[in-house]
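[1] A predicted structure for the sequence below; I have some questions about it.
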Amino acid sequence: MKWKDKVIFLTGASSGIGEALAIALAKRGVVLGLVARREEMLRDLAARCEAAGGKARVLACDVTDAGEVQKAADAIQAEFGRIDILIANAGIGGNNSETRELEPDAVRNVIEINLLGAVNSVHAVLPHMLERGSGHLVAISSLAGIRGLPRSAAYSASKAGMTAFFESVRLDVQSRGIDVTIIQPGFIKTPLTAGRENKMPFIMELDDAIPLFIRAIERKKKFAAFPWPLATFVRAGKIFPAWMYDRIVGRMRFRE
Ligand SMILES: NC(=O)c1ccc[n+]([C@@H]2O[C@H](COP(=O)([O-])OP(=O)(O)OC[C@H]3O[C@@H](n4cnc5c(N)ncnc54)[C@H](OP(=O)(O)O)[C@@H]3O)[C@@H](O)[C@H]2O)c1
């Protein structure tokens, strides 16, 4: 797959994985629609993307607002004629309160951003992709969506939903020229994981993780999970009986 001149709609671009992906892709000569709420950070990133050899447009918006996301996608489609790739990356980790205190508003916020924000993004780009008979939807989901995790009820539910949503969409669009890649990373050092006191198993440096995201997209993989030792453990955990899973995973404290 050639990256040069690909038009990419990237949500959650203002920090962490999104920011690092934007720079890495700009070096490959792509056109980027940069979506997030913090406009100043997007402006600064857009300048760095242009300096790195890409084209970038700032699209400050909240992914929970379907109308705003549509307007942002329409602006890119109007200027460049198409969107080749959606990278649905915007997300929050939530804090522990939604699990400990089961605050419905806090849970709803995590689901609205992580799951429904991605749904809004797909809705904004897919009709044009279907008309053209080509396009690529990429979900930045998580290993946390494979089974429930301690202190992570809202996050884990949002990522399980995201994985199921994109896999279901794939079944509906696979024969119409659309590829769907679901990426399930483990822990990566970004603002989302910063400030946690306990050790996160196999946590990756952002610079080591970015090539894995890019390779998964280039190869149009259906699923990509990493780092491999954690991905293997988590995938194996799918077949653990509940009593064994609860005993092993229930002791883990990586969210604190
Ligand atoms: N870091 C990890 O260990 C890890 C592991 C697995 C999966 N992930 C997933 O990777 C994605 C990126 O996370 P990250 O680690 O890079 O975290 P991050 O540095 O906190 O970045 C999150 C990004 O999402 C954007 N965002 C949040 N709420 C938004 C909203 N309502 N509308 C638009 N944009 C919004 C933020 O921008 P604004 O605040 O400016 O809007 C920011 O650009 C998330 O979906 C996360 O769940 C992360």
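    In hand now; what should we look at?
[2] from now on I want contacts and neighbour counts done on CA atoms only, so please keep to that.
    Noted.
[3] the ligand contacts on the stretch 101-250 of the chain?
    113, 140-142, 185-193 (CA under 6 Å from any ligand atom).
[4] what helices or strands is the helix or strand hosting Val173 leaning on?
    Taking DSSP states H and E as the definition, Val173 sits inside helix 153-173. Secondary-structure packing of helix 153-173 (3 or more CA pairs under 8 Å, 6 or more residues apart in numbering; DSSP states H and E): helix 97-100, helix 104-111, strand 135-140, strand 178-185.
[5] show the average pLDDT along the third one.
    To tie it back to what came earlier, the one meant is strand 135-140. pLDDT averaged over strand 135-140 equals 98, rounded to a whole number.
[6] please begin residue numbering at 25 from this point
    That works, and once the first residue is 25, the last one we named lands at strand 159-164.
[7] so what secondary structure elements neighbour that strand?
    Contact here means 3+ CA pairs under 8 Å, 6+ apart; on that basis strand 159-164 packs against strand 109-112, helix 141-156, helix 177-197, strand 202-209.
[8] now do 6 Å
    Helices and strands touching strand 159-164, by 3 or more CA pairs under 6 Å, 6 or more residues apart in numbering; DSSP states H and E, are strand 109-112, strand 202-209.
[9] which one of the ones you listed is the most hemmed in?
    strand 109-112 (a mean of 26; mean count of other CA atoms under 10 Å).
[10] residues contacting that one, please?
    Contacts to strand 109-112, defined as CA atoms under 6 Å, 6 or more residues apart in numbering, come from residues 32-35, 142, 159-164.
[11] try it again with 8 Å
    With contacts defined as CA atoms under 8 Å, 6 or more residues apart in numbering, strand 109-112 is touched by 30-36, 142, 145-146, 149, 159-164.
[12] what does stretch 242-262 give?
    25, 167, 170-171, 203-210, 225-226, 228, 236, 240, 269.
[13] and stretch 215-227, by the same measure?
    Contacts for stretch 215-227 (CA under 8 Å, 6+ apart): 39-40, 116-117, 210-213, 251, 253-254, 277-280.
[14] if we use 7 Å, what do you get?
    Contact partners of stretch 215-227, identified using CA atoms under 7 Å, 6 or more residues apart in numbering, comprise 40, 116-117, 211-213, 254, 277-280.
[15] now the helices and strands packed on helix 177-197 in JSON lines, with distance to Gly53?
    Output for the helices and strands packed on helix 177-197, formatted as JSON lines (distance: least, CA to CA, whole Å):
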{"stretch": "helix 121-124", "distance to Gly53": "41"}
{"stretch": "helix 128-135", "distance to Gly53": "33"}
{"stretch": "strand 159-164", "distance to Gly53": "18"}
{"stretch": "strand 202-209", "distance to Gly53": "21"}
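[16] among those, which is nearest Arg175?
    Closest of those to Arg175 is helix 121-124, at 5.6 Å (criterion: CA to CA).
[17] got a winner among the residues of the stretch 125-274 of the chain next to the ligand for most neighbours?
    Within these, most neighbours by other CA atoms under 10 Å means Ser165, with 32 neighbours.
[18] identify the residues contacting it.
    Here Ser165 is in contact with 183, 186-187, 206-208 (CA under 7 Å, 6+ apart).
[19] SS state for Arg106?
    Secondary structure assignment for Arg106 (DSSP: H, G, I helix; E, B strand; the rest coil): coil.
[20] picking up where we left off before, make TSV out of the contacts of stretch 215-227 and add distance to Gly78.
    Converted to TSV, the contacts of stretch 215-227 look like this (distance: CA to CA, whole Å):
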residue	distance to Gly78
Gly40	19
Ile116	27
Gly117	30
Phe211	28
Ile212	25
Lys213	25
Leu254	34
Arg277	41
Phe278	37
Arg279	37
Glu280	39
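[21] go ahead and build a PyMOL selection from the buried members of the residues you listed.
    Those of the contacts of stretch 215-227 that count as buried under 16 or more other CA atoms under 10 Å are selected in PyMOL with:
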select buried, resi 40+116+117+211+212+213+254+278+279
